[in-house]
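Q: requesting a structural model of the entry that follows:
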Amino acid sequence: MSTPARTPVVSGRPRHRGRSAAVVAALTLLVSACGPTDESPDPPGVSGAERELSFEGGGFTVDGTFTSPRSDAENGVPGALIISGSGPTDRNGNSAARPEAGTNHNLSRVLSAAGVASLRYDKLGSGDPATWDDEVTDALEKPVEPEVFDAQMAAAYTELVEQPEVDPERTIVVGHSEGALFALRAHEVLDGAEPALVLAAPPGTRMLDVIDRQLSEQVRTAEAQGSLSDSQAAQTLSDTRMARAAVRGGRDLPEGDTTGLFTPQNQEYLAWIDAFDPPELAAGLPPRTPVLVLWGDEDAQITRDEIDRLMSGLEGAERVDLAGIDHVLREFDDSPGAAVLDADREFSPEVAPAVTEFVDGLW
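A: Modelled structure (predicted):
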């Protein structure tokens, strides 16, 4: 499920908190449900050589991981910046709801196998809270200016191209889920750069509409499974529609939100990110920007219609539909007894050849 740019906070007056916690817990279980544990599949690509980095971005210290393919290229190798999806999703693509998704880590391995170095980073509000200093903790207690996330992306890109292994003239920005919206704006945010783009499971419509649809589907599923009562389901859907209207109308949020997603801390960010319509961003890319779109046909987060809508603005882009693959680019099987945990499901074997072919045609 798409979430705002920081850990959801259950808000509202005290009498609502028990109900809010129950709703959030029920929805979280739908995302991170447990299942039989088999031997974990092999990760994709190759590990490359990794090192930890720290740099300043948006007024905060940003931690990241740089991965370099084992190469003796004299003029350096291409470099890719990997941007996480929504909410408190860390550099590896993990969050509290899906702690073993590993999407970004797996993409770094795929890129390494294709001869591309990469940098992935913990945006503000993600990563290990034990490493946060008082400045970060204090910042997350109040609304964060959305531009901080642009500034951190720009700082991470600068850090990437300054690595001695990287050829700064050959770069890619890889955005997963909401991160694709940042990738589509990279040419505006990054100083003079016009990188190639890889958009993995990208949204094709405005974010509040995506959130509304995803919440509606999950609430109805929880209701059918008995995890939510009829009244809880109706209240959650009502709260979602009222909150969406308030955000778009610039009004105060209604009290007692049962989702935990629409809070005063998140409101400014939600209004900001919702203003971007993906096909319009796509149509505004510099001419001849190479773009690869990856989408799994078992993605419960992003529909085929949304991808079709996005592609209407991406003239000349390459699109690869991944059969049997979900939102975090892992194989999905809902038959009885099938593995459910992310770590027990294989990363799509179709991603590596698609990325390699795309990279080989760039330079």
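Q: could you count how many residues lie near Pro349?
A: By the other C-beta atoms under 10 Å criterion, the neighbourhood of Pro349 contains 12 residues. C-beta: built from backbone N, CA, C; applies to glycine.
Q: same question, Ser229
A: 13.
Q: try the one 10 residues further on
A: Counted with other C-beta under 10 Å, the neighbours of Asp239 add up to 24.
Q: can you check the one 5 residues further on too?
A: Here the count is done by other C-beta under 10 Å, and Arg244 has 19 residues near it.
Q: am I right that it is in a helix?
A: Yes: in this structure, Arg244 lies within a helix as judged by DSSP: H, G, I helix; E, B strand; the rest coil.
Q: thought it was touching Leu208?
A: Yes: Arg244 is in contact with Leu208 according to C-beta atoms under 8 Å; the separation is 4.8 Å.
Q: tell me which stretches of the protein form strands.
A: Across the chain, reading from the start of the chain, the strands by DSSP state E fall at 49-57, 60-68, 77-83, 117-121, 166-176, 196-200, 291-296, 318-322.
Q: would you check how far apart the residue most central in space within the chain and Gly316 are?
A: The centre of the chain sits closest to Gly85, judged by C-alpha atoms, centre = their mean, with a distance of 1.0 Å. If you measure Gly85 against Gly316 using C-beta to C-beta, to the nearest Å, the figure is 25 Å.
Q: over to Glu100?
A: Spatial separation of Glu100 from Gly316 under the definition C-beta to C-beta is 36 Å.
Q: more crowded one of the two?
A: Looking at Glu100 and Gly316 with other C-beta under 10 Å, you find the greater number of neighbours at Glu100, namely 16 against 9.
Q: so what's that one up against?
A: Residues touching Glu100, when contacts are defined by C-beta atoms under 8 Å, 6 or more residues apart in numbering, comprise Asn94, Leu341, Asp342, Ala343.
Q: pull out the buried members of those residues.
A: With burial judged by 16 or more other C-beta atoms under 10 Å, the buried subset of the contacts of Glu100 is Asn94, Leu341, Asp342.
Q: ok, and the closest non-adjacent residue to Pro129?
A: Once its chain neighbours are removed from consideration, Pro129 has its nearest residue in Thr137; the separation is 8.0 Å (C-beta to C-beta, 6 or more residues apart in numbering).
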